[in-house]
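Visitor: sequence unknown, structure follows:
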């Protein structure tokens, strides 16, 4: 019976070997094909590599090394009003930490871009450079505000070249400016800044969104959104592309438990025209009440309700004009809205006060004033020769109070009553 078997076990195995080899060849071909498809799938991601079935971003250390000398840390001091239960409003000195970008140099100064909220109402500004020095004190130099545009959250500060040791200055670089209009969602983004005041640090991610509208206080503009971490202290620092070019100036982050990895940056193409104007302004010192000039008008803020209801522009509302004052002589009237001071937008009365505090009595300045005419606001420019402030007692913080409760700038703590309709006859 055994002789009737079709063949031995060895013969059966021999017959099945070609089939097994063919199956193995098919599996190998399938694996090669799958591997080829995988490589082709990831080949379109420029500069990326696969590691354990994942994607990792390109090493950015070379970009950071080249760009770090263009980034500075900024520190300052300010006085804040704190409400207390037993003692009412108390004033405390607070220290701030932020970032800046070296954007230009003239014969005497190194010019640094940052955010306006970084330097507004701040004294004792200092800049710390990203360089090497035997004595770390050589890395720190005093700075002055050259100009601010609060409406666009931009400012330029200046450091005297004579205050920077040559050994440090030789290591510094002016930042390369990119093109934010050419950005695409998903491209690489690198943020450098003085996060939390601990010194320069780097985070990286991608461009998450473009032209994302945000509103923070008086700042309401389209910005770049990135998932590169933007922490407190990063304000005024650089958002870079993969080529190490500045594509944005970091301005804010989304804070709260419901959000994560949402940082915002002012597009550099938006910032450049404003920064060009600011860098060409005269560097000035903030003046005391006895030195600074006044326009002789009481100004108040325009409420959000009034802006929406009457389509009123943002600025400082002229509540009253003193008889014979500089404002009256320039043709400024009650109900006008001051929207620009020396070419820079005025966001509210405090912004106007701050901008005027750098100009002396007798200087002539240009204001943009908007008046209600035939149902809409029309802008015009007027020249005002600043006058001497009224003589009055001044407290330690340089705020003069008038008998009517307004200060010597002509501002009132009580906003008073705005006209029900600025277009009424």
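Guide: Noted; the coordinates are in hand. All values derive from a computational prediction rather than experimental measurement. Numbering: from 1, shown residues only.
Visitor: Relative to residue 199, how far out is residue 61?
Guide: 17 Å (C-beta to C-beta, to the nearest Å). For every residue, glycine as well, the C-beta is placed using N, CA and C.
Visitor: who has more neighbours, these two?
Guide: residue 199 (13 against 9; other C-beta atoms under 10 Å).
Visitor: is it true that residue 315 touches residue 302?
Guide: Yes. Taking C-beta atoms under 8 Å as the definition, residue 315 is a contact partner of residue 302 at 6.5 Å.
Visitor: Any chance you could list residues touching both of those two?
Guide: 337, 348 (C-beta atoms under 8 Å, 6 or more residues apart in numbering).
Visitor: Settle it for me: which of the two has more neighbours?
Guide: Neighbour comparison, residue 315 and residue 302: the larger count goes to residue 315, with 29 against 23 (by other C-beta under 10 Å).
Visitor: could you check the distance from the more buried one over to residue 108?
Guide: Residue 315 is 33 Å from residue 108, by C-beta to C-beta.
Visitor: swap in residue 388?
Guide: Residue 388 is 31 Å from residue 108, by C-beta to C-beta.
Visitor: Which one's more surrounded, the two?
Guide: residue 388 (14 against 11).
Visitor: can you pull the contacts of the closest residue to the more buried one other than its chain neighbours?
Guide: Nearest non-adjacent residue to residue 388, counting by C-beta to C-beta, 6 or more residues apart in numbering: residue 361, 5.1 Å away. Contacts for residue 361 were tallied using C-beta under 8 Å, 6+ apart; they are 291-294, 386-389.
Visitor: And the pLDDT for residue 361?
Guide: Residue 361 is assigned 94 on the pLDDT scale.
Visitor: next one: the one 10 residues further on
Guide: At residue 371, the pLDDT value in this model is 94.
Visitor: Adjacent strands (with direction) for the helix or strand hosting it?
Guide: For residue 371, the host element (DSSP states H and E) is strand 364-373. Partners of strand 364-373 in the sheet, by DSSP bridges, are strand 337-341 (antiparallel), strand 376-385 (antiparallel).
Visitor: Any idea which of those strands gets closest to residue 190?
Guide: strand 337-341 (35.1 Å; C-beta to C-beta).
Visitor: Output the contacting helices and strands for the helix or strand just after that closest one.
Guide: Following strand 337-341 in sequence order, the next helix or strand is strand 344-345 (DSSP H and E). Secondary-structure packing of strand 344-345 (3 or more C-beta pairs under 8 Å, 6 or more residues apart in numbering; DSSP states H and E): strand 144-149.
Visitor: what's the offset of the strand it packs on from the middle of its chain?
Guide: 13 Å (C-alpha atoms, centre = their mean, to the nearest Å).
Visitor: Done for today, thanks.
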